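Novice: structure, please.
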Amino acid sequence: MSELSTTLESRFEFHKRLLITSSAVALSTCLCVSGGASAADSDHPTVWIEFGGQFEQIATSQDAFEPPFSANQPSMLPIIPGDTQIAPAALQKPLDSSFGFEGKISIEPEGSDWMFSAGIRYGRSNGAKHIHNQTAPKSFDFRNGPYQKYLPLPASYGKFADAVTHKDESHTILDFQAGKDVGLGIFGRHGQAIINVGLRFAQFHSDTQLALSSGPNPFGYKYLGTAIKFPQFRPFTYRGKLEASRSFTGFGPSASWGASTLLIGKADEAEFRFDWGAHVALLFGRQKANVQLQTSEYSKPLPSQGGSGLIHQVYQTGAKHPRSRSVVVPNIGGLAGVSLKFPNAKVSLGYRADFFFGAMDGGIDTHRSETIGFFGPFATLSIGLGG
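Specialist: Sure, this is the predicted structure:
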């Protein structure tokens with residue numbers, strides 16, 4: 001099994017290197033063509049460098065780890081007075097937003113309506129939370145007989161529940177494309193429509209760590225018949241732990257269509273344009289998930305109860321679920337926005353959406369494919385060189 005896994009990973013590494021090498025050669029060739037043609041007179045730049053940023057909402061889901069000691073009382077303080085339980089599922093929801101940057105270089109050779117481009121989009125987010133719920137210390141009492149007065153005893157520790165979680169997410173998308181202007185006057189004399197074909201590379205990664213501890217009944221009573229009860233000092237503490245790492249890496253063919261139409265302005269001065277487009281891709285890659293779980297219980301019985309008075313472990317259970325599989329991920333997306341274009345510069349604002357179907361393994365004990373999507377506003381600045 002290990003030999004097969006090594007072979008598959010080596011093959012994927014070879015394909016990735018081949019993609020990077022071929023893309024670099026193609027881009028170098030385009031630069032040479034552009035450089036040779038730049039000597040001629042031109043009324044537009046031959047190289048455009050674009051950079052910008054985006055705020056993206058993240059749409060995805062994952063199974064939640066809920067240890068047995070938290071299943072009976074999932075409500076959260078202070079909904080039920082005195083209840084210290086924390087809902088683990090609410091703490092394990094994937095991050096829902098990220099900030100990132102993007103960059104792109106485009107080559108438009110002189111005397112040609114072809115365009116060659118290479119672009120990158122990167123986003124990352126992380127978050128941490130610590131919740132501690134605890135009731136006030138309680139004074140226990142002792143009674144002897146149904147009509148005797150209660151005699152207070154020293155206060156004990158209160159009930160408690162504690163949760164610490166940390167989440168991290170990152171995504172990278174690379175595009176290498178060749179496009180041709182096929183406007184054909186569809187959007188008027190100053191309209192533009194470009195069809196692009198090429199390759200898309202995508203890599204997604206997420207980590208989740210969760211640590212739970214609960215003392216739902218640190219001290220209690222022991223009854224002798226119906227009339228006598230006395231405190232039983234035997235606290236119990238429960239602990240649960242989750243570590244989950246999930247990823248997808250893949251690449252494949254892509255195609256896109258981008259259009260732009262003039263709203264107001266002049267080509268040799270400034271133009272205000274409406275831009276929109278759509279793209280599709282089919283990514284071949286590997287989906288991985290490595291999930292580790294652990295649940296334990298600790299107790300501290302007194303010598304009078306047959307114990308040593310020291311904390312000892314009552315039980316501990318754990319499981320590891322490493323998974324890896326080859327997947328084919330369809331990808332669709334689109335954008336719409338406006339731009340202010342000058343002869344050698346352009347500022348763009350817009351909204352973009354990108355969805356990768358079945359890219360992530362969101363399961364815990366077993367595999368479960370989950371779609372991941374990114375959507376939100378973006379802003380870019382483009383600078384034209386040459387010409």
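Novice: quick one: contacts for residue 289?
Specialist: 244, 245, 246, 247, 321, 322, 323, 324, 361, 363, 367 (CB atoms under 8 Å, 6 or more residues apart in numbering). Quick note: C-beta positions are derived from backbone N, CA and C, even for glycine.
Novice: where do the strands sit along the protein?
Specialist: Using DSSP state E, the strands of the chain run over 47-59, 97-107, 114-134, 139-144, 151-155, 160-181, 192-215, 220-224, 228-232, 236-265, 271-299, 312-342, 345-361, 369-385.
Novice: residue 334 - nearest residue in space that isn't next to it in sequence?
Specialist: residue 278 (4.2 Å; CB to CB, 6 or more residues apart in numbering).
Novice: please name the bridge partners of the one you found.
Specialist: Counting by DSSP bridges, residue 278 forms beta bridges with residue 257, residue 334.
Novice: then the one 5 residues further on?
Specialist: Note on residue 283: beta-bridge partners residue 329, judged by DSSP bridges.
Novice: burial count for it?
Specialist: 23 (other CB atoms under 10 Å).
Novice: correct me if wrong: it contacts residue 252.
Specialist: Yes. Taking contacts as CB atoms under 8 Å, residue 283 lies within contact range of residue 252: 4.4 Å.
Novice: so what's in contact with these two at the same time?
Specialist: With CB under 8 Å, 6+ apart as the test, residue 283 and residue 252 both reach residue 200.
Novice: in a markdown table: the contacts of residue 289, plus distance to residue 374.
Specialist: Shown next, in a markdown table, are those (distance: CB to CB, whole Å):
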| residue | distance to residue 374 |
| --- | --- |
| 244 | 20 |
| 245 | 20 |
| 246 | 16 |
| 247 | 16 |
| 321 | 27 |
| 322 | 27 |
| 323 | 24 |
| 324 | 24 |
| 361 | 18 |
| 363 | 22 |
| 367 | 23 |
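Novice: low-confidence ranges in the protein?
Specialist: Applying pLDDT under 70 to the chain flags the ranges 1-43, 70-85, 137-158, 183-190, 217-236, 300-312, 387.
Novice: one more pass at 80, please.
Specialist: 1-44, 68-87, 134-160, 183-191, 215-237, 267-268, 298-316, 387 (pLDDT under 80).
Novice: quick check: chain neighbours aside, which residue is closest to residue 328?
Specialist: Excluding the flanking residues, the one nearest residue 328 by CB to CB, 6+ apart is residue 284, at 5.7 Å.
Novice: can you give me the neighbour number for that neighbour?
Specialist: Counted with other CB under 10 Å, residue 284 comes out at 14.
Novice: please tell me how far it sits from residue 331.
Specialist: For residue 284, the distance to residue 331 equals 11 Å [CB to CB, to the nearest Å].
Novice: cool, and residue 209?
Specialist: Separation of residue 209 from residue 331 (CB to CB): 29 Å.
Novice: more neighbours: which of these two?
Specialist: Neighbours per residue (other CB under 10 Å) separate residue 209 from residue 331, with residue 331 holding more: 21 against 16.
Novice: that one and residue 354 touch, don't they?
Specialist: Yes. Here residue 331 lies in contact with residue 354, judged by CB under 8 Å, at a distance of 7.1 Å.
Novice: now the common contact residues for the two.
Specialist: Here residue 331 and residue 354 share no contacting residue, scored by CB under 8 Å, 6+ apart.
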